[in-house]
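Colleague: just a sequence and a predicted model for now, questions to come.
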Amino acid sequence: MSEVAVEAAAARGGVMWSTIRRQPSATIGATVLVVIAVAAILAPWIAPYGVHTQVGPVFGQPSWSHPLGLDDGGIDMVTLLMWGARISLVVGFAATLVSMAIGGSVGVLAGYFGGRTDTVLMRITDYFIVIPDVPLMIVVAAIWGPSLFHIVIVIGILLWTGTARVLRAQVKSVRERVYVKRARALGAGHTRIILRHVLPQVAPLLIANTVLTVAVAIFDETALSFLGLGDPSRTSLGKVIENAFQRAAISSGAWWAIVPPGALVALIILACSLVGGALEDSLNPRLRVAHLSARTFRLRPLVGRGDAL
Amino acid sequence: MRRRWTAGVVAACAAVSVFAAAASGTGAKAGGTFRLGTSSRIDSLNPYVAFNQDAYSTFEYIYPFLVQYDRANRGFAPDFARSWSTSKDGKTWTFKTVAGAKWSDGQPLTAADAAWTINTDVKYKSGGAANAAGLIAHITRADAPDATTLVVHYSAPVGNVLGQFQQLAILPQHIWSKYTAHKGADLKTFANNAPVVGAGPFNLVKFQKDQIALFQRNDSFYGPKPQIDEFGLQMFSNDDALVAALKAHQLDAIESVPATAIKTLRSSGFTISDVPGVDQTDFIVNSNPKKPKHRELLDPRVKTAFDHAIDRAQIVRVVFLGTAKPAASIIPAATGSWYNPAVKPTSFDLAQANRILDGLGFKRGSGGIRVANGQKMSYTVITPTDLASVNRTFQIIQADFRKIGVQLTQRALDSSTAFDAITAPNGKYLNFDLAMWDWVALIDPDFMLSVVTCGQYNGWSDSGFCDKRYDALYSKQQLTPNQAKRRAVVWQMQAYLQAKKPYLWIATEDSVTAYAPSWAGLVNSPQGPFNSLSKVSLTSVHQT
Amino acid sequence: MRGADYVIKRVGFAIVTVFVAVTINFALFRLAPGSAITDLSRVPHATPELRLALKKQFGLDKSKGEQYVIYLGQLARGNLGVSFANEQPVWSNLRTALVNTLPMVFLGTIFSIVIGTLTGVIAAWRRGTPVEAATVTTALGFYSMPTHWLGLMLVIIFAGVLPTGGMTNEFLLNPSFWTHVKDLASHIALPSLTLGLVLYGEYTLIVRSAMLETLGEDYILTARAKGLRPWRIVRQHALRNAMLPIVTLIALSLGYIVAGAILIETVFSWPGIGRAVYEAVLQRDYPMLQGAFLLLTISVVFFNLVADLLYFKLDPRITE
């Protein structure tokens, strides 16, 4: 890697951390995410009860031993929240990985090669943008059968367009930089240039984008679960909400089975938005207009597919 | 058969409350609108198109039927036919119908309408009227020699003639005869929108899909007239909204109350009616004798061990909160005398289950999972996503099976895909091992008994069960017009299935209804208060 | 002519996209295991005859290629086909569902646009103050809530006060005009509010960003230096220029709202287009699915086109 590129990448990485440290909202978001993630990762060891263990009556009320009560299977809600966050985060990150892989490749290739490749790839992207994605997710999840793996793939396949667009613009500008041009003039191959020079430049932006995509993926999983298309053998937060809704938790007065899981989903999405947004602000020069922190917000699946303009 | 249909039984029709005899009854107020909420829906108002249970319940109240079920004696009661008789050879049935009846548009309703309906169904049974083909099996033709006589001719003596006619709505010839073009295909294109020309106790005056069906009393009805002026069925897409609407007094009653809401509804002063139902959940073991893999599952001893590992009491407690009973037979107890009481639920006994499997030499291997014929006893269980109770039930069964060294993995599929996976490949039932689903029985046992016959491969069968001796018994009951003799065969078949175990029956769900105390006379049934069994429930409901 | 070329190109592309969508949708549904026949013939009196008759009637006995040609032919004549489930024309089924969905979506969207623009402008103008922090936090909060969960929270809060299911009180017979309006309003309140709150959070953030961007431009700084009154700057200069991204974003989002309303429809028993699609998937009702997806795709493509053209008209720099 050329020294210039290394320096640039290092500088960008530095920006990331300093952004998180400097902006209070980002600090809060990152802290919340870390706390939830740790609880989720350690769930098998620190959860107070078994995630399949019935410890009391159906919709048992909150008590000292069960501060958030029991769900419709008599399972401890605190335990469910920890396990649920675990599954939801796994879905969120896995789906994002899929979408990053697709969106990243499309964006980098389109931006780097330009011309016909760019046109074809962007037309495909355009098509994916106009498909009504929630109905399509329903179709695919219903058809393939609701397993965690399928859900991850479906969400990933439908979420990559935003990443592709942002990266394409970024790669285009990187391509025109002096050191990239010089590397090309020196006869470096495309793969080498992309891996050595372009990717390190756009990687931080990709990471910022990842955090935002995770939020959308978690939202999507929650929505699919709610429509009965979640994996019944994996208790995600969406599944916890759906179980309670299916058994008429509200009518039976069991608010504790339905309020906390949704609030936790909201908290995770909020934290992701704070961190991702702050990162994007400091990394995307187009968005850093003078001293103002203007930025694009991703439309959520209810209205859009996760990429605004 | 799935939740979309709950054809069933009048049988255990306990009156929901003290039935105030007739309109002159004790303080009964005539009139008013009875508002019933449901989480089910009416898919179509055309009997040649409709599949959902609530559509058939609608037909029960707006169309004449020859007979209906009788609440008291579990037999058949007169409806449009006042009396009936059979020829000696059992191949000719004669019905005497009501004189002077009218359709809601003023046209006369006679035996000729009934004859036309039957003949049309026979004529177009492989085309537009295919939906009714099952109801007119073995009929060659029907005649109406006069306005009050209907004669139906059969090619063989049939055991369940009245059970079939109880499901066949008589349609107005002067309306429907316009729709027989294109070899009867046009019968299905007619939307039959409200206001519908009918001749039941109610006229359907307003219908909005997935929202409302509104019925008005038909004062020219030939039978006992309803005491209420109007009846409305409002459709909801979820239970919470349904219960909330009842609590807010936007409804007077709701059917299929979620078990979790019963307690709060009772404490807010609503009356709960809970009667045995005909919807049974099951654990299916692929019983196809030609099954290539995991052939240990064909051994009734293995199935018995599995049966001992199903904790029905726990399932009833957690999944149904007590609104179900442990099930044993393919024929639910609520069908009355068709149920063989000697067939009892298998006991929950893990030790016994382990002894059986040990005795078969299936030793525990790695992770405590048994090995049978060199293969791990680890199976995939196909479950349908639209059966709400299945996930919790599976979890309970899975945990107990682990204790007998059998590993289960759930594979949830939507019902259409699940059925494909069970019948794969190409209706040969070779691939699947285990599945869970439910059946909703009819009062007449013929249908339920048919689903395990060889003839139902790629039709109704979801177990791959095929047994020559059983099939012979099935044909025998089908062609035995003497009901006592037929019952003996039906009992024998239940015992036979209990031994062979294509299904391990889990639980029979109750039919639970809640209604405001200002109403009485509603008759709950295994199908709920709004059912296609008889016209009694909504003609007798009234305000107190 | 710069304008004509651009418009033709965009419209042409929109048409191609719709065609591609039609083809992919056709294939997608038919790749699914299970069929309408297995689903529909699951009634006790079903016979092999019924299955055969249905198969023939729905044209499922023909090859997929033939079915595709027939489908395209139908479409060319503006015929969306007949629903497998209730054997009524797809268009009439869709129209009923849309007529139910649109007012709910419309009200919610208006609510969110008005409130979202207002709070967005305030947040941008009061940048760096607690007012901004409060506005943005609230907006982000609503933006983060799962739609159906927010709906359920409203059900918990308003149970007993407002109806939580259905579109009207179906049992009000011959109500007076005002009773009817009041009844409609009370039923539509919660679903619309749910949609409105979710969208409001998003619109606030968008408007704020757009406003911040314009407020940093030189001419605004000049106007400020000239001592123009703040409200006048916002109204006459900043907002007008910020309208471009706002309007296009809103146009873009409109196409998805209808599709996304399914969650809200499920919570509030609202018999709309989202529920219709969901039911059609479970029943393998191909004609309904194709019709609904065509409609949704067209609406998204249309609003995209509108956004493109708007952008083109409002921003003279675009020449592509």
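Modeller: Arrived safely.
Colleague: C-alpha only now, for contacts and for neighbours.
Modeller: Will do.
Colleague: list the residues that contact C:P287.
Modeller: Applying C-alpha atoms under 8 Å, 6 or more residues apart in numbering or on different chains to C:P287 gives the contacts C:80-84, C:90.
Colleague: nearest to A:C272, of these?
Modeller: C:V90 (41.6 Å; C-alpha to C-alpha).
Colleague: that closest one contacts C:Y286, correct?
Modeller: No - the pair C:V90 and C:Y286 does not pass the contact test of C-alpha atoms under 8 Å, sitting 10.1 Å apart.
Colleague: overlap of the contact sets of the two?
Modeller: Residues touching both C:V90 and C:Y286 (C-alpha under 8 Å, 6+ apart): C:S83.
Colleague: thinking again about what came up before, what's the most distant pair in the contacts of C:P287?
Modeller: Every pair of these checked by C-alpha to C-alpha; the farthest is C:L80 and C:F84, at 12.1 Å.
Colleague: which residues of the stretch 151-300 of chain A lie near chain B?
Modeller: Residues of the stretch 151-300 of chain A lying near chain B by C-alpha under 8 Å from any C-alpha of the partner chain: A:228-229, A:231-233, A:245-253.
Colleague: okay, now the unreliable bits of the chain?
Modeller: Went with chain A since none was named. Scanning chain A with the threshold set as pLDDT under 70 gives A:1-17, A:19-20, A:130, A:132, A:281-309.
Colleague: my bad, the chain I had in mind was chain C
Modeller: Ranges of chain C meeting pLDDT under 70: C:1-2, C:32-36, C:38-49, C:173, C:245, C:248-249, C:251-260, C:311, C:314-320.
Colleague: which parts of it are helices?
Modeller: Under the criterion DSSP state H, helices of chain C are mapped to C:2-30, C:36-40, C:48-57, C:64-76, C:90-125, C:130-144, C:147-158, C:177-215, C:218-225, C:230-232, C:239-260, C:262-267, C:273-283, C:286-314.
Colleague: could you single out the most deeply buried of those helices?
Modeller: helix C:262-267 (a mean of 26; mean count of other C-alpha atoms under 10 Å in any protein chain shown).
Colleague: which residues are contacting that one?
Modeller: Residues from elsewhere that reach helix C:262-267 (C-alpha under 8 Å, 6+ apart): A:223, A:227, B:237-238, B:241, C:147-148, C:151-152, C:165, C:191, C:194-195, C:270-275.
Colleague: excluding chain neighbours, what is closest to the residue of the stretch 101-250 of chain B found nearest chain A?
Modeller: The nearest approach of the stretch 101-250 of chain B to chain A comes at B:D240, 5.1 Å away (C-alpha to the nearest C-alpha). Leaving aside its chain neighbours, B:D240 sits nearest to A:A248 (5.1 Å; criterion: C-alpha to C-alpha, 6 or more residues apart in numbering or on different chains).
Colleague: so which of the residues of the stretch 151-300 of chain A next to chain B sit within helices?
Modeller: Counted as lying in helices by DSSP H, out of these, are A:245-246.
Colleague: just give me the closest of the residues of the stretch 151-300 of chain A next to chain B to chain C.
Modeller: For those, the nearest to chain C is A:I250 (6.8 Å; C-alpha to the nearest C-alpha).
Colleague: which ones are touching that closest one?
Modeller: A:258, B:240, C:156 are the contacts of A:I250 under C-alpha under 8 Å, 6+ apart.
Colleague: and for A:T79?
Modeller: Contacts of A:T79 by C-alpha under 8 Å, 6+ apart are A:43, A:47-51.
Colleague: element containing it, please.
Modeller: A:T79 is part of helix A:77-113, with elements assigned from DSSP states H and E.
Colleague: and that helix, what's buried?
Modeller: The neighbour-count check on helix A:77-113 (16 or more other C-alpha atoms under 10 Å in any protein chain shown) flags A:77-112 as buried.
Colleague: same deal with stretch B:243-256?
Modeller: Applying 16+ other C-alpha under 10 Å to stretch B:243-256 flags B:243-247, B:250-256 as buried.
Colleague: part of a strand, is B:Q410?
Modeller: Yes - remark: B:Q410 belongs to a strand, assigned using DSSP: H, G, I helix; E, B strand; the rest coil.
Colleague: my guess is it contacts B:I382. True?
Modeller: Yes - taking C-alpha under 8 Å as the definition, B:Q410 is a contact partner of B:I382 at 6.2 Å.
Colleague: so between those two, which is more surrounded?
Modeller: Higher neighbour count among B:Q410 and B:I382: B:I382, with 26 against 21, using other C-alpha atoms under 10 Å in any protein chain shown.
Colleague: for the more buried one, grab phi and psi.
Modeller: phi -80, psi 130 (degrees, to the nearest 10).
Colleague: mind listing what it touches?
Modeller: B:I382 touches B:410-413, B:418, B:421-422, B:432, B:434-436, counting by C-alpha under 8 Å, 6+ apart.
Colleague: which strand residues bridge it?
Modeller: When assigned by DSSP bridges, B:I382 has beta-bridge partners B:R411, B:A435.
Colleague: separation between it and chain C?
Modeller: Distance of B:I382 to chain C, given as C-alpha to the nearest C-alpha, to the nearest Å: 14 Å.
Colleague: that residue and A:V152, how far apart?
Modeller: 21 Å (C-alpha to C-alpha, to the nearest Å).
Colleague: in its sheet, what does the lengthiest strand in chain B sit against?
Modeller: Using DSSP state E, we find that the single longest strand of chain B is strand B:271-285. Paired neighbours of strand B:271-285 in the sheet (DSSP bridges): strand B:434-440 (antiparallel), strand B:503-515 (antiparallel).
Colleague: B:N192 is nearest to which of those strands?
Modeller: strand B:434-440 (27.6 Å).
Colleague: and the contacts of the very next helix or strand once past that closest one?
Modeller: Counting by DSSP H and E, the next helix or strand C-terminal to strand B:434-440 is helix B:446-450. Identification of contacts with helix B:446-450 by C-alpha under 8 Å, 6+ apart yields B:160, B:330-331, B:441-442, B:456, B:474, B:477-478, B:493, C:44.
Colleague: residue furthest from the geometric center of chain B?
Modeller: B:S366 (44.3 Å; C-alpha atoms, centre = their mean).
Colleague: and the stretch 1-150 of chain C, which residues reach chain A?
Modeller: C:17, C:21, C:29, C:32-33, C:140-141, C:143-149.
Colleague: export these as JSON lines, with columns for distance to chain B.
Modeller: As requested, the residues of the stretch 1-150 of chain C next to chain A are exported to JSON lines (distance: C-alpha to the nearest C-alpha, whole Å):
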{"residue": "C:T17", "distance to chain B": "30"}
{"residue": "C:A21", "distance to chain B": "24"}
{"residue": "C:F29", "distance to chain B": "13"}
{"residue": "C:A32", "distance to chain B": "8"}
{"residue": "C:P33", "distance to chain B": "6"}
{"residue": "C:L140", "distance to chain B": "28"}
{"residue": "C:G141", "distance to chain B": "26"}
{"residue": "C:Y143", "distance to chain B": "25"}
{"residue": "C:S144", "distance to chain B": "24"}
{"residue": "C:M145", "distance to chain B": "20"}
{"residue": "C:P146", "distance to chain B": "18"}
{"residue": "C:T147", "distance to chain B": "16"}
{"residue": "C:H148", "distance to chain B": "13"}
{"residue": "C:W149", "distance to chain B": "13"}
